[in-house]
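S.K.: Build me a model from this:
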Amino acid sequence: MNTNTPEQPAVVGRFTFEPMQNASSPIAIIEALLKTPGRLIYNLERSWRAPTALALVLFALIAMAAYGTIVGTFAGGVQIWIAPAKVALGTVAAGLICLPSLYIFTCLGGVDAQLRTVTGVLFAAIALSALLLIGFAPVAWIFSQSTDSIGFIATLHIILWLIAIGFGLRIISAANRWLSGTRRSHTTIWSCIFVFVCLQMMTTLRPIVGKADRFLPTEKKFFVAHWFDTLNQN
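M.R.: Next up is the predicted model:
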């Protein structure tokens with residue numbers, strides 16, 4: 001499938017692609033996401049195991065829901081459980097929406113990868129982003145409890161999310177470089193599309209930070225317009 005041999009580790013930037021030991025352990029998977037994501041991607045490509053991919057999806061859901069709980073503490077009340085549901089399901093939905101385009105871009109970029117591998121890499125990126133958000137949770141919580149400015153707290157969550165998703169998308173870029181042997185611009189293009197879809201998804205599921213009379217809005221709105229409306233709120 002590629003020019004890399006299984007016997008010799010391949011190094012792409014800071015990522016080393018080599019076999020991962022104990023890939024079925026959830027703790028090992030979490031440690032690999034933080035320390036050696038290249039090993040996790042190697043196993044998804046060379047020795048696919050459904051439990052590994054399922055563990056990534058479940059961890060992404062749980063971690064996103066946990067961070068969503070922190071988001072919900074700003075408004076309190078029913079948002080304590082509504083915000084986690086929207087953040088977790090919205091993120092996974094955005095990933096599934098962008099999965100077909102990621103697979104097509106990957107193939108057009110000269111990578112002979114299977115759909116299941118691309119799916120695993122995508123959810124590894126989402127899971128890493130969720131893990132970083134968990135690390136940011138105490139920071140988000142202290143500001144949620146010490147300010148009433150919805151514009152400020154929304155800006156804070158966006159900044160933390162962009163940092164987290166930036167690290168996650170590096171996994172996809174490195175995996176594509178490992179499989180194709182060269183840097184491809186299609187990964188950057190797709191990453192921008194994914195970020196826009198996530199922002200629009202959260203706008204569609206609004207409100208997440210603030211309160212509302214309805215679980216979902218009845219008015220359609222572009223995320224840029226919603227962002228300026230949020231900044232103008234006191």
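S.K.: who's in contact with the closest residue to L160 other than its chain neighbours?
M.R.: In space, and not counting its chain neighbours, L160 is closest to F136: 4.5 Å by C-beta to C-beta, 6 or more residues apart in numbering. All C-beta spots, glycine's among them, are computed from the backbone N, C-alpha and C. When contacts are counted by C-beta atoms under 8 Å, 6 or more residues apart in numbering, F136 touches Y67, L160, I163, A164.
S.K.: can you map out the helices along this protein?
M.R.: Here the chain has its helices, by DSSP state H, at 26-35, 37-46, 50-72, 79-108, 115-144, 150-180, 185-204, 223-231.
S.K.: Quick one, grab the pLDDT at N4.
M.R.: As predicted, N4 sits at a pLDDT of 45.
S.K.: Same question for G181.
M.R.: G181 carries a pLDDT score of 61 in this model.
S.K.: for M1, same thing?
M.R.: Taking M1 on its own, its pLDDT is 42.
S.K.: worst average pLDDT in the helices of the chain?
M.R.: Among the helices of the chain, helix 223-231 carries the lowest mean pLDDT, a mean of 75.
S.K.: can you pull the buried residues of it?
M.R.: The neighbour-count check on helix 223-231 (16 or more other C-beta atoms under 10 Å) flags F223, H226, W227, T230 as buried.
S.K.: which pair in these spans the largest distance?
M.R.: Largest separation among those by C-beta to C-beta: F223 and T230, giving 10.0 Å.
S.K.: re the thing from before, can you say which of the contacts of F136 are buried?
M.R.: Counted by 16+ other C-beta under 10 Å, these give Y67, L160, A164 as buried.
S.K.: Now for the second one: which residues touch it?
M.R.: Going back to what we said before, that points to L160. L133, F136, V139, A140.
S.K.: Also L102?
M.R.: Going by C-beta under 8 Å, 6+ apart, L102 touches V118, L122, I172, W190, F194.
S.K.: Tabulate those residues (a markdown table), appending neighbour count and distance to R49.
M.R.: As requested, the contacts of L102 are exported to a markdown table (neighbours: other C-beta atoms under 10 Å; distance: C-beta to C-beta, whole Å):
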| residue | neighbour count | distance to R49 |
| --- | --- | --- |
| V118 | 25 | 16 |
| L122 | 26 | 16 |
| I172 | 23 | 20 |
| W190 | 23 | 25 |
| F194 | 24 | 25 |
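S.K.: wait, what's in contact with the nearest residue to H226 once chain neighbours are set aside?
M.R.: Spatial nearest neighbour of H226, chain neighbours left out: T203 (4.7 Å); criterion: C-beta to C-beta, 6+ apart. Listed by C-beta under 8 Å, 6+ apart, the contact partners of T203 are K221, F222, F223, H226.
S.K.: The most centrally placed residue in the chain and L160: what is the separation?
M.R.: Within the chain, one residue has its C-alpha closest to the average C-alpha position: by C-alpha atoms, centre = their mean, that is I126, at 2.6 Å. I126 sits 15 Å away from L160, going by C-beta to C-beta, to the nearest Å.
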